[in-house]
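1. what follows is a protein structure lacking sequence information:
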């Protein structure tokens with residue numbers, strides 16, 4: 001059974017793609033997924049590398065494939081501390097711009113991008129990873145924060161809503177199930193809602209592994225965020241075969257034990273997603289099959305990873321069958 005059909009009564013099933021996998025994984029994407037996200041091609045540095053230059057070709061190709069095959073598109077991402085070109089924050093002489101100049105550049109970028117794809121992209125990750133991982137501070141240091149101030153997040157959502165009033169607008173972050181960071185994300189989004197900011201959902205990246213985080217922590221995060229009355233999207237799901245501090249490089253293929261553990265984890269996750277499908281309306285994998293994943297060589301150089309439901313030859317793994325058993 002196709003994934004998109006299996007979960008059609010619960011949520012969209014998506015995959016992140018790039019210009020290579022749009023070709024190499026095309027058949028798999030069309031068969032199993034009804035939503036796609038650009039892995040990098042809609043980030044600021046790719047769409048808007050210099051002040052007077054936009055490069056939409058790769059993003060347009062993704063949108064065209066989606067439209068031709070009845071897929072939705074999640075936009076990723078408008079405002080992020082990474083993958084934003086230096087020119088955004090600087091004058092030509094290299095000196096930092098002021099608040100009003102940066103807000104104007106943010107608004108111009110958002111207006112241009114959302115206007116181009118109005119009606120073609122059902123949801124946007126408007127602000128990505130703005131919350132601090134640890135310590136007492138709520139927001140991580142960034143040039144957006146330094147130059148504009150705390151309200152850069154609210155402004156981004158306001159500009160996005162003005163540019164495309166029908167698009168669903170999300171705040172997106174990782175380590176979203178870690179209790180300390182969960183509470184910061186909750187506090188940030190609650191504050192935005194109290195200010196009347198047009199935010200419609202929270203994106204849970206879900207870069208998980210065989211043992212972390214616990215299902216209980218994930219459940220508590222889902223319930224905490226859902227209590228705000230917003231939609232939830234699982235935005236970047238993968239299940240690494242390695243813990244973050246596991247430095248092994250000796251495996252040429254996953255062991256049977258790894259495959260069984262991964263299948264069990266995916267089964268747990270999809271039971272949970274269905275249980276909360278009143279709130280979770282989209283589940284996107286950060287890739288489609290094991291022949292390509294951002295986890296190859298990260299965080300350990302020279303190491304292959306196998307985080308998806310389909311193997312390097314695009315064949316179903318035990319995880320795929322375990323996921324279907326949850327229906």
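-> Cool, got the structure. Given the structure is predicted, the values throughout are model-derived calculations rather than measurements.
2. tell me the helices and strands packed up against the host helix or strand of residue 260.
-> If you go by DSSP states H and E, residue 260 is part of helix 256-275. Helices and strands touching helix 256-275, by 3 or more Cβ pairs under 8 Å, 6 or more residues apart in numbering; DSSP states H and E, are helix 215-226, strand 231-240, strand 280-285, helix 318-325. (Each C-beta comes from the backbone N, C-alpha and C, glycine too.)
3. what mean pLDDT does the shortest one have?
-> Strand 280-285 shows an average pLDDT of 98 in the prediction.
4. outside of that strand itself, list whatever touches it.
-> For strand 280-285, contacts defined as Cβ atoms under 8 Å, 6 or more residues apart in numbering pick out 7, 10-16, 35, 37, 72, 74, 123, 222, 231-238, 270, 273, 308-309.
5. of the residues you listed, buried ones?
-> 7, 10-16, 35, 37, 72, 74, 123, 222, 231-238, 270, 273, 308-309 (16 or more other Cβ atoms under 10 Å).
6. output the contacting helices and strands for the helix or strand hosting residue 125.
-> Using DSSP H and E, residue 125 maps to strand 123-128. Judged by 3+ Cβ pairs under 8 Å, 6+ apart, strand 123-128 is in contact with strand 72-80, helix 152-163, strand 168-173.
7. which positions within the following helix or strand past the first one qualify as buried?
-> Read it as strand 72-80. Using DSSP H and E, the helix or strand that directly follows strand 72-80 along the chain is helix 99-116. Residues 101, 102, 103, 105, 106, 107, 109, 110, 113, 114, 116 are the ones in helix 99-116 that count as buried (16+ other Cβ under 10 Å).
8. pLDDT and distance to residue 128 added to the residues you listed, as a markdown table?
-> A markdown table is the format used below for the buried residues of helix 99-116 (pLDDT from 0 to 100; distance: Cβ to Cβ, whole Å):
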| residue | pLDDT | distance to residue 128 |
| --- | --- | --- |
| 101 | 98 | 22 |
| 102 | 98 | 17 |
| 103 | 98 | 18 |
| 105 | 98 | 17 |
| 106 | 98 | 14 |
| 107 | 98 | 18 |
| 109 | 98 | 14 |
| 110 | 98 | 13 |
| 113 | 98 | 14 |
| 114 | 98 | 16 |
| 116 | 98 | 20 |
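9. show me the shaky parts of the stretch 151-300 of the chain.
-> Judged against pLDDT under 70, the stretch 151-300 of the chain has no low-scoring part.
10. done for today, thanks.
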